[in-house]
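Trainee: here is a sequence together with a model predicted from it:
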Amino acid sequence: MAKLINAQFERIKKAFNKDEIPFVSTLTIKTYFKYPENNLVRPCLLTGIESFRVL
């Protein structure tokens, strides 16, 4: 499990081109969390994380 989390952290750092993951406020997290709930039409087809890989 820790290996998977570390891999995710590395992808996040690569996406931001930073050595550390940028700070994100609780308000920002809540805003991003609510967006799909408020904007996706159900039912919707989600294909998985492979669609969002950073190359």
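Mentor: Yes, it's here. Numbers count the residues shown, from 1 in each chain.

Trainee: report the mean confidence score over the strand or helix carrying Gln8.
Mentor: Using DSSP states H and E, the element containing Gln8 is helix 2-16. Confidence for helix 2-16, expressed as mean pLDDT, is 86.

Trainee: quick check: next helix or strand after that helix?
Mentor: Scanning the chain past helix 2-16 towards its C-terminal end, the next helix or strand to appear is helix 26-39 (assignment: DSSP H and E).

Trainee: what about that next one, distance to the chain center?
Mentor: For helix 26-39, the distance from its own C-alpha centre to the chain's C-alpha centre is 12 Å (Cα atoms, centre = their mean, to the nearest Å).

Trainee: make residue 1 into 57 and carry on from there
Mentor: Done: numbering now begins at 57, and the last item shifts to helix 82-95.

Trainee: so what secondary structure elements neighbour it?
Mentor: With contacts defined as 3 or more Cβ pairs under 8 Å, 6 or more residues apart in numbering; DSSP states H and E, there are no secondary structure elements packing on helix 82-95. Just so you know, the C-beta spots here come from the backbone N, C-alpha and C atoms, and that holds for glycine as well.
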